[in-house]
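Asker: Fold the following for me, if possible:
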Amino acid sequence: MTQPVVKQEGNVASERMKEIEEAFDWEDPYDVILALVHLTVERCEAAGLPYSSLSQGEKTALHVNWFDSEIANGGLHQLFTNSTGDYWPEILQSLGAVGATSTVALFEIALSVFPDNRPSVDRMDRCGQLEDAGGNARDTLHLLSREYYEQDEYLYTLAVEYLKTRKSDFL
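Answerer: Here you go, the predicted model:
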């Protein structure tokens, strides 16, 4: 005999909550965020969900990971020249939401190399803006990227503390 659909949905939700709790059980905040990003991507792929359908918590986990990964692999210059830069307003909002005040301040200085402190959300236009800004802009972004890693603020710890209050966002 097959189980009723309601029971199956309950089991799926229960299993999902177990996976979320396991993600938060990792000791290193970096690992917690990676686990949450994995769960988010897995859910999106399974259900064919677009980015716009993600919860604030899911977007925050993605944004924190995108931001830090781009800086680790090529600095703020890379963030703005890659497609990740299309999401700069959302990334900035997520950094603020987790309480990353020092990182937000650095990011806002980085925005100042663009016209009106607002890079285009179109990659090609944004790359043109950076090219027009010249070598000083590249130097500024490089210095700010170094400052990011020299600061005492650890973005992943802040993000995990914030996301602990939003576990239901990952269901």
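Asker: C-alpha only now, for contacts and for neighbours.
Answerer: Will do.
Asker: Return the residues in contact with residue 129.
Answerer: Residues in contact with residue 129 (C-alpha atoms under 8 Å, 6 or more residues apart in numbering) are 114-115, 119-120.
Asker: So which residues of the protein form helices?
Answerer: 5-24, 29-47, 56-81, 88-97, 101-111, 123-133, 135-150, 155-164 (DSSP state H).
Asker: can I get those helices in TSV with mean pLDDT and distance to residue 170?
Answerer: Putting the helices of the chain into TSV (pLDDT from 0 to 100; distance: least, C-alpha to C-alpha, whole Å) gives the following:
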stretch	mean pLDDT	distance to residue 170
helix 5-24	78	7
helix 29-47	96	7
helix 56-81	97	6
helix 88-97	98	16
helix 101-111	98	25
helix 123-133	97	29
helix 135-150	97	28
helix 155-164	98	10
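Asker: For residue 171, which of these is the nearest?
Answerer: Within these, the stretch nearest residue 171 is helix 5-24; the backing value is 6.3 Å (C-alpha to C-alpha).
Asker: Tell me the buried residues in the closest one?
Answerer: For helix 5-24, burial by neighbour count (16 or more other C-alpha atoms under 10 Å) applies to 16-17, 19-20, 23-24.
Asker: Dump the helices of the chain to JSON lines, plus distance to residue 171.
Answerer: Shown next, in JSON lines, are the helices of the chain (distance: least, C-alpha to C-alpha, whole Å):
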{"stretch": "helix 5-24", "distance to residue 171": "6"}
{"stretch": "helix 29-47", "distance to residue 171": "9"}
{"stretch": "helix 56-81", "distance to residue 171": "10"}
{"stretch": "helix 88-97", "distance to residue 171": "19"}
{"stretch": "helix 101-111", "distance to residue 171": "28"}
{"stretch": "helix 123-133", "distance to residue 171": "32"}
{"stretch": "helix 135-150", "distance to residue 171": "32"}
{"stretch": "helix 155-164", "distance to residue 171": "13"}
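Asker: Show the contacting residues for the most centrally placed residue in the chain.
Answerer: The centroid of the chain falls nearest to residue 63 when counting by C-alpha atoms, centre = their mean (1.0 Å). Going by C-alpha under 8 Å, 6+ apart, residue 63 touches 90-91, 94-95.
Asker: Now, of the residues you listed, which are buried?
Answerer: Using 16+ other C-alpha under 10 Å as the burial test, the contacts of residue 63 include 91, 94-95 as buried.
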